[in-house]
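A.B. asks: give me a model of this one.
(2 chains)
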There are 2 protein chains.
Amino acid sequence: MLQLDDLDRAIIRLLKGDARLTISEISSNLGKPESTIHFRIKKLQERGIIDKYTIILGKPVKPKVAAFLILKVEKPVIEDFLERYLEYIAKTLSMLPNVLMVAKSGDDHLVALIGEETQENLERFIEDNIKTIPTLKEVNVLPIREFKKGEDVIGFLAEI
Amino acid sequence: MLQLDDLDRAIIRLLKGDARLTISEISSNLGKPESTIHFRIKKLQERGIIDKYTIILGKPVKPKVAAFLILKVEKPVIEDFLERYLEYIAKTLSMLPNVLMVAKSGDDHLVALIGEETQENLERFIEDNIKTIPTLKEVNVLPIREFKKGEDVIGFLAEI
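C.D. replies: Okay, here's the model as predicted:
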């Protein structure tokens, strides 16, 4: 059973907000000795609870407009080829820098998150690079108007 | 015009991979003086190109199964209320800990990413907490089978 106590959770929340916080800052913030904080973070890392430290990119470099795409792959004559079609499209998409995320869903769907500088670029990208993919049956575009939760995901996934 | 040179990009890529790298490690890795690296990182932060430092949670604490939900909100009799319906549902969803992301799309859609421990929990959550939402017209569930890009998004968005 996974054991995370209140102190572990508090440390994780602080580091999520700012991973540059020093042991000493976390120690003052939570009113616990530095040695305790140091030990807990070490343990959280060793247990794989904290997996990585990373940066989130900001406004000047992250895409201004984004959309989710729901793609449905055509069922091939030889049904065994369906997974190959799906894999091929997923791989092709994942190599494009403005495709931020790609996931296979069920046996014939892909969900992708794409980002662009402008609405026009986004539409052109979908027309030129998505709708032209052979073996694609349906493309459903869901432009993001506003995030209510998880907004940082764009700056997290953005490539430069 | 935004100016990022090769050195800036190289620093950003290293920090994306591991934000704990020291100035000295980045300096050796890129073959540039520590003072240069220090100055560049300072500038990247000041310009808001590096927005935040954060942690990604690992396997023991992140949801094992995840799904995208595409929700379509019912058009109310008084059409002006549509945005209020959408806002209400978005807000309700965003308060649930296993709803990792919520975004408004177009004038009557929401896209959400949800995570759970097991497939059964996920299904129960959708039945009990999503499909019961009044004013919801359509719920489309896209279970994620495999990420091809952006897999870390779950550990990035997970809450503890």
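
A.B. asks: buried residues, the worst-scoring helix or strand of chain A on mean pLDDT. List them.
C.D. replies: Scoring the helices and strands of chain A by mean pLDDT, DSSP states H and E places helix A:82-94 at the bottom, with a mean of 92. Buried residues in helix A:82-94, counted by 16 or more other C-beta atoms under 10 Å in any protein chain shown: A:82, A:85-86, A:89-90, A:93-94. C-betas here are computed from N, CA, C, even on glycine.

A.B. asks: wait, does that helix contact chain B?
C.D. replies: Yes. Part of helix A:82-94 sits near chain B under the criterion C-beta under 8 Å from any C-beta of the partner chain, namely A:90-91, A:93-94.

A.B. asks: mind checking pLDDT for the nearest residue to A:Asp51 once chain neighbours are set aside?
C.D. replies: In space, A:Asp51 comes closest to B:Gly58 once its chain neighbours are excluded; the distance is 3.2 Å by C-beta to C-beta, 6 or more residues apart in numbering or on different chains. Listed pLDDT for B:Gly58 reads 97.

A.B. asks: go ahead and confirm B:Gly58 touches A:Leu44.
C.D. replies: No. In this structure, B:Gly58 is not within contact of A:Leu44 by C-beta atoms under 8 Å, at 9.1 Å.

A.B. asks: higher neighbour count, these two?
C.D. replies: A:Leu44 (22 against 18; other C-beta atoms under 10 Å in any protein chain shown).

A.B. asks: host element of that one?
C.D. replies: Here A:Leu44 sits within helix A:34-46, counting by DSSP states H and E.

A.B. asks: report the angle between the helix or strand that that helix is followed by and helix A:34-46.
C.D. replies: Scanning forward in sequence from helix A:34-46 by DSSP H and E, the next helix or strand is strand A:50-57. If you take axes from the mean of the first three to the mean of the last three C-alpha atoms, to 10 degrees, strand A:50-57 sits at 90 degrees to helix A:34-46.

A.B. asks: hmm, who's touching strand A:50-57?
C.D. replies: The contact list for strand A:50-57, computed with C-beta atoms under 8 Å, 6 or more residues apart in numbering or on different chains, reads A:12, A:15, A:19, A:41, A:44, A:152, A:155-156, A:158, A:160, B:12, B:15-20, B:49-59, B:152, B:155-156.

A.B. asks: show residues contacting stretch A:101-112.
C.D. replies: A:68-73, A:75, A:82-83, A:86-87, A:89-90, A:93-94, A:99, A:113, A:157, B:67-68, B:142-150, B:153.

A.B. asks: now, those that are in helices?
C.D. replies: A:82-83, A:86-87, A:89-90, A:93-94, A:157, B:153 (DSSP state H).

A.B. asks: farthest-apart pair in the residues of helix A:82-94 next to chain B, please.
C.D. replies: Greatest spatial distance in the residues of helix A:82-94 next to chain B: A:Lys91 and A:Leu93, 7.3 Å, computed using C-beta to C-beta.

A.B. asks: okay, now the domains of chain A?
C.D. replies: Per the record, chain A has its domains at A:6-46, A:65-157, by automatic domain parsing.
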